[in-house]
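Q: Quick one: sequence and predicted model below, then my questions.
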Amino acid sequence: MTKMLTVEANPIDCYLRVDRMPHIWCAGCGIGPAAGCFLRAIDRAGLEPDKVAVVSGIGCSGRVAGYIKLDSFHTTHGRALPFATGLKLGNPELNVVVFSGDGDIAAIGGNHLIHSARRNIDMTVICINNFNYGMTGGQMGPTTPLDARSATSPYGNFEYPFNLPYLVAACGATYVARWTVLHLRELERSIAEALVKPGFSFIEVLSPCPTVYGRQNKSPRGLDEMRSYKERSIIRDGADPKDVELSLNGTIVVGKFVDIERPTLWDCYQQMLDRANKSKKR
């Protein structure tokens, strides 16, 4: 007797623009798994897809916006956050998500990052951190670890990198977490939490870039970096963000670091309008 095999549909298929496949990402890249976590998190959070808008900048991670069947905007380099701000203020009912890379968000877009967190704009930022500018040849960026090699630091980086969770927490973000693409279930749950959390939510996702960064730092395959994540990662929910800085071969602290309540920019705007209306009635 022959057994009939049934193939169940992948729950994220409905979110993918299959006509644009195959994607441009290299073998071993972690952006695809991170994007899958995000799409599954939409269902986990119980959001209506028609109410979700995705904004991205320039870079490998920025291509996510072009492969998903949601309202999405591929913006100019470093400007995803101000674009997303306008979108949220123009339609406060939208769930606005910024999905982009460390170079786009923390380098050319760094000024927008600190002020978006300061204003506590109600959006979710998923920052793929692969420690370099992967799309343009592997130059060092603002998160490249000390002593790491890159196309522009062939003898090792000597510039101190950003500790992104500490940076955004210090600026006022209400939700801050970090995971690697090895921690898929934790990452999915964290994104789902962030999607429904009022205020500025920031999730750093550590991702392999074997083609450029990995080859220059003795991890030429995505699997090499995944093994490294397994060996070096420690989950420490509630850790002080100032204590979670990253090094080339040191411990990787992952987890949910910040989960607080604070009025959003829209809340403050509404309060200001209420005060203004009361003053007119006097």
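A: Arrived safely, thanks for sending.

Q: Show the model's pLDDT score for the spatially closest residue to residue 130 that is not a sequence neighbour.
A: Counting by Cβ to Cβ, 6 or more residues apart in numbering, residue 130 lies nearest to residue 209, which is 3.8 Å off, once chain neighbours are set aside. (C-beta placed from N, C-alpha, C; glycine too.) On pLDDT, residue 209 comes in at 96.

Q: wait, what's in contact with residue 209?
A: 26, 29, 30, 60, 130, 131, 132, 134, 138 (Cβ atoms under 8 Å, 6 or more residues apart in numbering).

Q: Find the centremost residue of this protein, please.
A: residue 126 (1.6 Å; Cα atoms, centre = their mean).

Q: That one and residue 97 touch, don't they?
A: Yes. Between residue 126 and residue 97 a contact is recorded at 6.7 Å, counting by Cβ atoms under 8 Å.

Q: intersection of neighbour lists for those two?
A: With Cβ under 8 Å, 6+ apart, residue 126 and residue 97 have common neighbours residue 38.

Q: Tell me where the stretch 151-282 of the chain has helices.
A: Along the stretch 151-282 of the chain, the segments classed as helices by DSSP state H, counting those that start in this stretch run 164-171, 184-196, 215-216, 222-232, 265-281.

Q: between those, which one is nearest to residue 93?
A: helix 265-281 (10.6 Å; Cβ to Cβ).

Q: Sort out which residues of that closest one are buried, please.
A: 265, 266 (16 or more other Cβ atoms under 10 Å).

Q: Also stretch 30-43?
A: Buried residues in stretch 30-43 (16+ other Cβ under 10 Å): 30, 31, 33, 34, 35, 36, 37, 38, 39, 40, 41, 42.

Q: do the same with stretch 151-170
A: For stretch 151-170, by 16+ other Cβ under 10 Å, it's 153, 157, 161, 162, 163, 164, 165, 166, 167, 168, 169.

Q: Which residue is the nearest non-sequential neighbour of the first one?
A: Closest residue in space to residue 153, ignoring its immediate chain neighbours: residue 140 at 4.6 Å, by Cβ to Cβ, 6+ apart.

Q: what does the fifth one give?
A: Excluding the flanking residues, the one nearest residue 163 by Cβ to Cβ, 6+ apart is residue 245, at 4.1 Å.

Q: contacting residues around the one you found?
A: 161, 163, 166.

Q: can I get those residues in TSV with distance to residue 115 and pLDDT?
A: Shown next, in TSV, are those (distance: Cβ to Cβ, whole Å; pLDDT from 0 to 100):
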residue	distance to residue 115	pLDDT
161	21	97
163	18	98
166	17	98
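
Q: Residue 279: which of those residues is nearest?
A: Once Cβ to Cβ is applied, the member of these that ends up nearest residue 279 is residue 166, at 40.2 Å.

Q: Spell out the residue ranges of the strands in the protein.
A: Ranges of strands in the chain, per DSSP state E, are 52-56, 71-74, 95-101, 123-129, 132-133, 139-140, 175-180, 200-206, 233-235, 252-259.

Q: Please tabulate those strands in JSON lines, including the columns mean pLDDT and distance to residue 192.
A: Listed next are these as JSON lines, based on pLDDT from 0 to 100; distance: least, Cβ to Cβ, whole Å:
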{"stretch": "strand 52-56", "mean pLDDT": "97", "distance to residue 192": "12"}
{"stretch": "strand 71-74", "mean pLDDT": "93", "distance to residue 192": "19"}
{"stretch": "strand 95-101", "mean pLDDT": "96", "distance to residue 192": "11"}
{"stretch": "strand 123-129", "mean pLDDT": "98", "distance to residue 192": "10"}
{"stretch": "strand 132-133", "mean pLDDT": "94", "distance to residue 192": "29"}
{"stretch": "strand 139-140", "mean pLDDT": "95", "distance to residue 192": "33"}
{"stretch": "strand 175-180", "mean pLDDT": "98", "distance to residue 192": "11"}
{"stretch": "strand 200-206", "mean pLDDT": "98", "distance to residue 192": "11"}
{"stretch": "strand 233-235", "mean pLDDT": "98", "distance to residue 192": "17"}
{"stretch": "strand 252-259", "mean pLDDT": "98", "distance to residue 192": "12"}
